[in-house]
Every structure is written in C-alpha cells, then in structure tokens.
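Chemist: Quick one, fold the following:
(2 chains)
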Amino acid sequence: MELFTPDAGLLFWMLLSFGIVFFVLAKWGFPVITRMVDDRKRFIDQSLEAAREANAKLEGIKAESEALLAQAREEQRLILKDAANTRDRIIEEAREKARTEGALMLEEARQQIQHEKENAIRDIRRQTAEMAVEVAEKIMRTNLATERQQMDLVERLLDEVEKN
Amino acid sequence: MNSHTIRTYLLTALLCLAGAWLPLQASSNAVAENKSIDIKEIIFDHIGDAYEWHVATIGDKHISIPLPVIVYSQEKGLNAFLSSHLHHGHSYEGFHIATEGDYKGKVVETLSTGEVKRPMLDLSLTKIAAGIVLNSLLLVTIILCVSRWYRRREASDDAPRGFVGMIEMLIMMVYDGIIKPSVGKDYERYAPYLLTAFFFIFLSNLMGLVPIFPGGANVTGNIAITLVLAICTFLAVNLFGTREYWREVLWPDVPMWMKCPVPLMPVIEIFGLFTKPFALTVRLFANIMAGHSVILALVCIIFVTHSMGALISGSMTVVSVLFTIFMNCLELLVAFIQAYVFTMLSAVFIGMSRVEHHEK
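Modeler: Numbering: from 1, shown residues only, chains lettered A, B, ... in the order given. As a prediction, the model looks like this:
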C-alpha cells in the first residue's frame, strides 16, 4: 500500500524542514518566550510578596500610630488633670491666704481701732479732766477764794472718795 | 446541459461554504463524462501526494501551482524541472508521471533500453513537501514574531494581549501542563523540542483543514511526516536515557529465569522501545488521514447522488453539507487533541527515560 510506505522524498523534506524549524525555534523562539513568562511569574510573585510586606508594615504603622495616639491622649488627660489639680490648689491657697490676710488685716484694724479708741478715750478723758480742771478752776476762782471754802471742798471730795 | 453547469456551480458554492476540499477536478469531470464516479480514487487523490498543487478547476481550466520535480537517476544524473512540464502525461527529458502500474502517480523515467523505471532518488518538492515548507515558514514566522515581542519588553511590563497573548497561552499550556509534570527534572532541556513538535503538528493539522491553496495539503496525515516526528521523539528518549533506564530495559526486575538463559524480558523491552514510536507514528497519521477521508466521503455524497434526480440530490446535498460542517468541527477538535497527545506521550516517554535509581 502506497499510503503506508513512507516516501523517501517526503522523509528528506520533512527532516530538513523540521530540523531547521527546530533549530531556529529552539535558539530564538521558545526559550525567549518561556524565560520571559517565568521571569514575569517571578516578578509577579515578588510584587505580591512586597505588597504583602508593605501591607504588614502599614498595619504595624497603623497600630503604632494608634498606640501613640492613645498614649498622647492619656498624657493629655493626665496633664489636664494635673492642671486642674494645680488650679484648684492655687485657688484654694489664694483663698486661704486671702482669708488669713483678711483676718490679719481685720485684727490689725481692730487693734488700731482699739488703740484709736483708747487714744480717743484717753484724749476725751484728758480733755474732760482739763475741762473739769478748767471748770473747776473757774469755779474755784470764784468759790474757793477763801481758804475755808477750799478746805470745805477738799473735805467733801475726800468724803466722796471714802464713800466710793 | 446548461442546468447541469448551473447546478455544478451551486454545488461549488455549497462546497466552499461547507469548508471542505474541492474535489472539483475529479468530480465535475466524472459527472460530465460518465455518470459514475470513483469515490475511492477521489479520496486517495486528495489525501495522497501530487507533483503539482491543484487549486481549483473552473470549467475546463485547471488552476494549479507547478512545483519543482527533483530526481536523481543513475542514467541522467540530477534533474530538476517544473512539474508543469509533465502535465497530462507529457514526457520531459524521458520523465513522465505513470498513470498505472506500481508507480501510479509517481515520476518514472524511460531508460535508453526502453525500460520504464523509477528514478533512484526522487526528492521532488511535492504538494505535501511544499505544505511542510509552507507550514514551517508560517510556524517560524509566528513564533519569531511572538518572541520578538518579548525581546523588546521587560518582565515588569504588561502581559501580552491579542495574538501574542493567545500564542503565549498555548505555549504555557503545553509548557506547564505537559512538559513540566511529564518530563520532570531537566524539563527545560526538552521543552524546545516538545513545543516545536506540538506547534508543528497543531499548525499542520489546522492547515490541512483549510480547503484552499495555502492549506489543504495532508501533511500530518502522511506516514513519512509522522514517522520523522516519532523518530525525533525516539532519539530524544533514548539518546539521553539514564543508566537506570537502560538497566530497566536490559536487566529488568523480574525472576531470573525470565532473563538469564533466554533473555525473554530484555527482548520484549527492546521490542517495546520501537513499538512506542511506531504507535506515535500510526496514531497521528491514522487519525488525521481518517478525518480527511471522512470529510471527503461526505462531500462526495453530493456527487454520488447527483444523477438520482433533483429531489434526492438536493436533500442529500443539504445532509452532506451539514455532516461536513459537523466533521470539520470535529476535526478541529482532533487537530488539537492529536497534537496534544503526541506531545504528551513524547514527554511521558522522555520522563520515563530520565528515571533515577530508587531504593525499594
């Protein structure tokens, strides 16, 4: 059967053509393509890895910033609390001071008033005494012109003192 | 007669639509001359080889591409001329195409003694050889264009789209799907051969399904072509076989009496070395040839029923066209499957020859 006997001419042409095709494609065809696709696969893998790392890093940064924020908030709270305490203390102190100072001033004023009062009393007393003496003198000048009258008066006064 | 011509044209149009071969020369001539046609001859004419590439016949005019005839005869030495010199039984420098006998359809030479003999060597670029060359050129062009695309780009560039993307998809399907798992270690070394074989077979199968000129040559349906491919696989398997592979062939792990006095198993194993490429050869050749034959036979229904009246002829034409379309779709599938199977079996055989010694 002709169909089942390989023809020599066709064998020759097939060997030649296929050999050349194989040589050309094995040298400049398929390896270029498969290498490139492998490279791209590697590149994609690397990119994925990098993306994953970046994501993880981002996650870390996020957590870190959140921690920082929480810390800052805590500090702020503490500072505010401190400030409030200080304010309260200062106000309290001021109030205390004002109170003591006021008391002191009041005391001083009281003392001064006392003093003034005493002075005034003394003054009044002195003036009264002087006036009394003056009045007495004037009276005396008229009534005690005589020795007798003077003596009477002395006597009466002494009595009064004794009665007292 | 006039209505006959019109009908022939109609059938021609239908045939083109059906995407089948154009068995016009044989059939229309047969129809015109005598009512019976020789289907077997038509089919063998189309799946076989020829010294010219017949494109179409319009009316009585044959359009065919002459191809170079290269013959070496002991008497006249090397001769090369165009096949158009041998048209219609013409003789050229003592060579003509035999119309009957053992060498029917082949170039024979008339020796000075009057004896008709086949030349010693016939390296004519026949239809199938021209088909091989065309397919090879096409394949090289396609793959080099695609690899040029890659050469101009970096790995970090975008992946290809369109045609380059499709070829890359096919290449990586064979590379990742067949070569890597089947060959195992050192698969990179065998990848170019297996990829070349796959694409050569696939492209040739597809081109064989195209009914008009650049296609239509029954390349992979010819045993010489599949034989060369199988021999390449045979060489790839056996030239680089490991020690363990040869030990398993020559001294397999079977009871001693099966290999010592009479080397029964080694003989079987060695026989097996040759049945593998033989199976590869016949599988591909038979599948493609059978597919072509079936399509041709289905197309021939039109011409067989031609003389049975308009009704039968018309309805059978519809049936024929539908079946031919179906067969063409099927052959498209077979074109891929056979290329895939050939590559996969080659890869598996190579993988088997790469076995390493393993402790049991």
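Chemist: Low-confidence bits of chain A, can you list those?
Modeler: Low-confidence segments of chain A, defined by pLDDT under 70: A:1, A:139-145.
Chemist: all helices for it, in order.
Modeler: Secondary structure of chain A (DSSP state H): helices located at A:8-24, A:30-143, A:147-163.
Chemist: The stretch 201-350 of chain B too?
Modeler: Using DSSP state H, counting those that start in this stretch, the helices found in the stretch 201-350 of chain B span residues B:223-239, B:243-250, B:264-304, B:310-353.
Chemist: Just say which of the ones you listed is most tucked in.
Modeler: Among these, helix B:223-239 has the highest mean neighbour count (mean count of other CB atoms under 10 Å in any protein chain shown), at a mean of 21. Where you see a C-beta, it was placed from the backbone N, CA and C, and this is true even at glycine.
Chemist: average model confidence for it?
Modeler: When pLDDT is averaged over helix B:223-239, the result is 94.
Chemist: Let me know whether it sits next to chain A.
Modeler: Yes: on the criterion CB under 8 Å from any CB of the partner chain, helix B:223-239 is in touch with chain A at B:223-225, B:227-229, B:232.
Chemist: what's the spacing between stretch A:48-55 and its chain's center?
Modeler: Centroid displacement of stretch A:48-55 relative to its chain, using CA atoms, centre = their mean, to the nearest Å, is 43 Å.
Chemist: just stretch B:66-73 next, same as before
Modeler: How far stretch B:66-73 lies from its chain's middle: 21 Å, per CA atoms, centre = their mean.
Chemist: got it, and stretch A:110-118?
Modeler: 48 Å.
Chemist: Next up, the contacts around B:Val339.
Modeler: In this structure residue B:339 is Ala, not Val. By CB atoms under 8 Å, 6 or more residues apart in numbering or on different chains, the contact set of B:Ala339 is B:198-199, B:201-202, B:205.
Chemist: redo that, cut-off 10 Å
Modeler: With contact taken as CB atoms under 10 Å, 6 or more residues apart in numbering or on different chains, B:Ala339 is in contact with B:170, B:174, B:197-206, B:220, B:284.
Chemist: What distance do you get for it to chain A?
Modeler: Applying CB to the nearest CB, to the nearest Å, the value for B:Ala339 to chain A is 14 Å.
Chemist: just B:Asp38 next, same as before
Modeler: B:Asp38 sits 16 Å away from chain A, going by CB to the nearest CB.
Chemist: Could you report the neighbour count for that residue?
Modeler: When neighbours are counted by other CB atoms under 10 Å in any protein chain shown, B:Asp38 registers 13.
Chemist: measure it to A:Leu69 for me?
Modeler: Going from B:Asp38 to A:Leu69 by CB to CB, to the nearest Å gives 94 Å.
Chemist: Quick one: closest of the helices of chain A to B:Glu154.
Modeler: Nearest to B:Glu154, of all these, is helix A:30-143, at 8.5 Å by CB to CB.
Chemist: So which helix or strand of chain B has the lowest pLDDT on average?
Modeler: Within chain B, judged by mean pLDDT, DSSP states H and E, the helix or strand with the poorest mean is helix B:24-33; its value is a mean of 44.
Chemist: circling back: if you average pLDDT over each of the helices of the stretch 201-350 of chain B, which comes out lowest?
Modeler: What stands lowest among those, in mean pLDDT terms, is helix B:243-250, with a mean of 87.
Chemist: host element of B:Trp53?
Modeler: Taking DSSP states H and E as the definition, B:Trp53 sits inside strand B:52-58.
Chemist: Mind listing the strands that strand pairs with, and their directions?
Modeler: strand B:61-66 (antiparallel) (DSSP bridges).
Chemist: need the helices of chain A in CSV with distance to chain B and mean neighbour count, can you?
Modeler: Shown next, in CSV, are the helices of chain A (distance: least, CB to the nearest CB, whole Å; neighbours: other CB atoms under 10 Å in any protein chain shown):
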stretch, distance to chain B, mean neighbour count
helix A:8-24, 4, 19
helix A:30-143, 4, 11
helix A:147-163, 131, 10
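Chemist: As TSV, those helices with distance to B:Tyr340 would be great.
Modeler: Formatted as TSV, the helices of chain A follow (distance: least, CB to CB, whole Å):
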stretch	distance to B:Tyr340
helix A:8-24	18
helix A:30-143	17
helix A:147-163	155
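Chemist: So B:Gly94 is in contact with B:Glu109, correct?
Modeler: Yes: with contact defined as CB atoms under 10 Å, B:Gly94 counts as touching B:Glu109 (5.3 Å).
Chemist: that older thread, quick one, which of the helices of chain A gets closest to B:Val55.
Modeler: Smallest distance to B:Val55 across the helices of chain A (CB to CB): 20.6 Å, for helix A:8-24.
Chemist: Measure how that closest one sits relative to helix A:30-143, angle-wise.
Modeler: 20 degrees (axes from the mean of the first three to the mean of the last three CA atoms, to 10 degrees).
Chemist: If you compare the directions of helix A:8-24 and helix B:223-239, what angle comes out?
Modeler: Using the same axes, to 10 degrees, helix A:8-24 lies at 50 degrees relative to helix B:223-239.
Chemist: roughly how far is helix A:8-24 from the heart of the chain?
Modeler: Put simply, helix A:8-24 sits 92 Å off its chain's centre (CA atoms, centre = their mean).
Chemist: Ok, stretch B:223-241 next?
Modeler: On CA atoms, centre = their mean, the centre of stretch B:223-241 falls 16 Å from the chain's centre.
Chemist: now swap in stretch A:95-113 and tell me
Modeler: Here stretch A:95-113 is found 34 Å from its chain centre; the criterion is CA atoms, centre = their mean.
Chemist: do the same with stretch B:113-122
Modeler: Counting by CA atoms, centre = their mean, stretch B:113-122 is centred 28 Å from the centre of its parent chain.
Chemist: Check stretch B:128-147 too.
Modeler: For stretch B:128-147, the separation from the chain centroid amounts to 14 Å (computed by CA atoms, centre = their mean).
Chemist: Poorly predicted segments of the stretch 1-150 of chain B, please.
Modeler: B:1-36.
Chemist: 90 instead, please
Modeler: Applying pLDDT under 90 to the stretch 1-150 of chain B flags residues B:1-66, B:69, B:71-124.
Chemist: secondary structure class for B:Ala159?
Modeler: Under the three-state scheme (DSSP: H, G, I helix; E, B strand; the rest coil), B:Ala159 adopts coil.
Chemist: residues near it, how many?
Modeler: Neighbour number of B:Ala159 under other CB under 10 Å is 11.
Chemist: How much space separates it from A:Ile33?
Modeler: Applying CB to CB, the value for B:Ala159 to A:Ile33 is 12 Å.
Chemist: what sits in contact with each of those two?
Modeler: With CB under 10 Å, 6+ apart, B:Ala159 and A:Ile33 have common neighbours B:Glu168.
Chemist: ok, the nearest residue to B:Ala191 once chain neighbours are set aside - contacts?
Modeler: Leaving aside its sequence neighbours, B:Ala191 sits nearest to B:Ile179 (CB to CB, 6 or more residues apart in numbering or on different chains; 5.2 Å). Each residue near B:Ile179 by CB under 10 Å, 6+ apart is listed here: A:34, B:187-188, B:190-195, B:198, B:343-344, B:346-347, B:350-351.
Chemist: can you check A:Glu155 too?
Modeler: Applying CB under 10 Å, 6+ apart to A:Glu155 gives no contacts.
Chemist: and if you look at B:Leu239?
Modeler: By CB under 10 Å, 6+ apart, the neighbours of B:Leu239 are B:Ser353.
Chemist: Next: the one 5 residues further on.
Modeler: Taking CB under 10 Å, 6+ apart as the criterion, B:Glu244 is in contact with B:353-358.
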